[in-house]
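> Show me the folded form of this:
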Amino acid sequence: MFKSVFDRVWAFDCEWVPDPAAGRALYKLPAAMPDREVMEHMWQQAGASDEDPMPFLKTIVCRVVSIAAVTRQRRRDGSVQLHLLSLPKDVSDAAQAAEGHVIGTFLDAVGEHKPQLVGFNSIAADMKILLQRAVVNGLSAADFCHRPDKPWEGVDYFARGDAHVDIKDILGGWGKATPSLHELATLSGIPGKLDVDGNAVASLWLDGQLDRIVAYNECDALTTYLVWLRLAHLGGHFDDRAYAQEQQRVRDLLQAQIAQGRAHLAAFLEAWQVLSSRL
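Model prediction:
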């Protein structure tokens, strides 16, 4: 269990797909080979079968296409503000959608604000792919990577501790006993996967539907944040009254976003209402 809740908390999630450029380079494929064929070749090399046509690929050969986060900030006067952030902000802008821009913007923001990061399998997966692909893209993120000489002298994202809370690391069991985020969320009255799951992301990317990937990513970040709230309540960081207030802040955030026409968040809120009514 984590010991504290920082004044800034960012519950984040990343989405990635096989990187055709990596496939062409590693397997010496023709430059003119279409992305879809390159990705299919990469899956074949990883042992694709009828039962598992898109097997797991090493994160180093995948490209990050979206990062989303629910950010919580407690101000000096005690007030709390929530925001839902996602990258790329404009999916139609090729410069913003470039992997280097997505990763660099996120790591620079984390380095500047030093939030408490919260994720699910984020120590082993999300953070690793961000670092691996930052190296591939030749990025510099000095503030994020800075390590203080002593633990009390600053935030260290490369040391086990409260700076990075991985929910799976805390609640996971042995092997198959570890719950998925969807299972953990659904049984807690929180929406997990709705109309899209992780296996569909590559197909959406190939079809040019980055907007749907970002929407899916935002829902995963919301799920992660709500599960973190429940875990923080378990740990005594929020009493019953405060926990109810924190959940209402999420509802208010969703309502504000829905008022701007964001239909996928309306579906998330509706699913949350249905699931929580069953508890």
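
> Show me which strand runs longest in the protein.
Longest strand of the chain, by residue count under DSSP state E: strand 62-74.

> Using PDB, write out every CA atom in it.
Presented in PDB, the C-alpha positions along strand 62-74 are these (Å, rounded to 0.1, in the frame of the first residue of the first chain):
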ATOM      1  CA  CYS A  62       5.700  -0.800 -30.700                       C
ATOM      2  CA  ARG A  63       4.900   2.900 -31.000                       C
ATOM      3  CA  VAL A  64       2.900   4.900 -28.500                       C
ATOM      4  CA  VAL A  65      -0.100   6.500 -30.100                       C
ATOM      5  CA  SER A  66      -2.000   8.000 -27.100                       C
ATOM      6  CA  ILE A  67      -1.500   8.900 -23.500                       C
ATOM      7  CA  ALA A  68      -4.400  10.000 -21.200                       C
ATOM      8  CA  ALA A  69      -4.500  11.100 -17.600                       C
ATOM      9  CA  VAL A  70      -6.900  12.200 -14.900                       C
ATOM     10  CA  THR A  71      -5.100  14.800 -13.000                       C
ATOM     11  CA  ARG A  72      -6.000  15.800  -9.400                       C
ATOM     12  CA  GLN A  73      -4.600  18.900  -7.800                       C
ATOM     13  CA  ARG A  74      -5.100  19.900  -4.200                       C
END
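
> Can you list the strands that that strand pairs with?
strand 8-18 (antiparallel), strand 80-87 (antiparallel) (DSSP bridges).

> Save the ones you listed as CSV, and put in distance to Gln44, mean neighbour count and mean pLDDT too.
To be clear about C-beta, it is placed using only N, CA and C from the backbone, and glycine gets the same treatment. As requested, the strands paired with strand 62-74 are exported to CSV (distance: least, C-beta to C-beta, whole Å; neighbours: other C-beta atoms under 10 Å; pLDDT from 0 to 100):
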stretch, distance to Gln44, mean neighbour count, mean pLDDT
strand 8-18, 11, 24, 98
strand 80-87, 31, 17, 98
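
> any chance of those in JSON lines, with distance to Gly161 too?
Shown next, in JSON lines, are the strands paired with strand 62-74 (distance: least, C-beta to C-beta, whole Å):
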{"stretch": "strand 8-18", "distance to Gly161": "14"}
{"stretch": "strand 80-87", "distance to Gly161": "23"}
